[in-house]
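[1] Need a 3D model of the sequence below.
(one chain, ligands or ions: 2)
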Amino acid sequence: MQKEDCIFCKLANGEIPTTLVYETDKVAAFNDANPKMPIHVLVVPKDHYASLSDDIPAELLGALMKAVPEVAKATGIYESGYRVVINTGDDANQTVKHVHVHVIGGAQMQ
Ligand code: 5GP
Ligand code: ZN
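    Ligands and ions are numbered 1, 2, ... in the order given. Okay, the predicted model is just below:
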């Protein structure tokens, strides 16, 4: 289910046009608007969950994680490596309250 006025709900479900890096019936992946690395993709569920702490069904969590290496393949970082981050809550600086998996890569990290 989508949440009114949630930007990631709209991006994931095509209500705001964007180029999807990867998509299944359950998840969508698109480029971060403010990339921190040469490749910076966000993988999100098409249904709204506020964060990783929002009692996400295991099947959907699996779908999100299964999408990550597919995003890495689609963006050319599967072989070189990538980092996966899920910021959750205020201390982690989660700014968008629709759960999202950062997939970052394309350069050597610290
Ligand atoms: P957080 O800090 O919540 O883990 O990360 C939110 C991310 O979403 C940030 O990296 C930010 O650049 C990105 N972001 C915020 N608004 C938008 C948007 O409207 N479109 C896209 N593609 N990315 C966004
Ligand atoms: Zn949402």
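[2] which residues does the residue nearest the centre of the chain bridge with?
    In the chain, the C-alpha nearest the mean C-alpha coordinate belongs to V43, at 1.9 Å (C-alpha atoms, centre = their mean). Applying DSSP bridges to V43 gives these bridge partners: A29, V101.
[3] residues in contact with it?
    Y22, V27, A28, A29, L64, A67, V68, V71, H100, V101, V103 (C-beta atoms under 8 Å, 6 or more residues apart in numbering). Glycine gets a C-beta too; all of them are placed from N, C-alpha and C.
[4] okay if I get those residues as a markdown table plus neighbour count, distance to ligand 2 and pLDDT?
    Listed next are the contacts of V43 as a markdown table, based on neighbours: other C-beta atoms under 10 Å; distance: C-beta to the ion, whole Å; pLDDT from 0 to 100:
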| residue | neighbour count | distance to ligand 2 | pLDDT |
| --- | --- | --- | --- |
| Y22 | 19 | 18 | 98 |
| V27 | 24 | 13 | 98 |
| A28 | 22 | 11 | 98 |
| A29 | 24 | 15 | 98 |
| L64 | 23 | 14 | 98 |
| A67 | 25 | 17 | 98 |
| V68 | 19 | 19 | 98 |
| V71 | 24 | 19 | 98 |
| H100 | 26 | 9 | 98 |
| V101 | 22 | 14 | 98 |
| V103 | 28 | 19 | 98 |
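[5] Using a markdown table, lay out those residues together with distance to ligand 1.
    Below are those laid out as a markdown table (distance: C-beta to the nearest ligand atom, whole Å):
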| residue | distance to ligand 1 |
| --- | --- |
| Y22 | 14 |
| V27 | 15 |
| A28 | 11 |
| A29 | 10 |
| L64 | 14 |
| A67 | 16 |
| V68 | 15 |
| V71 | 14 |
| H100 | 6 |
| V101 | 9 |
| V103 | 11 |
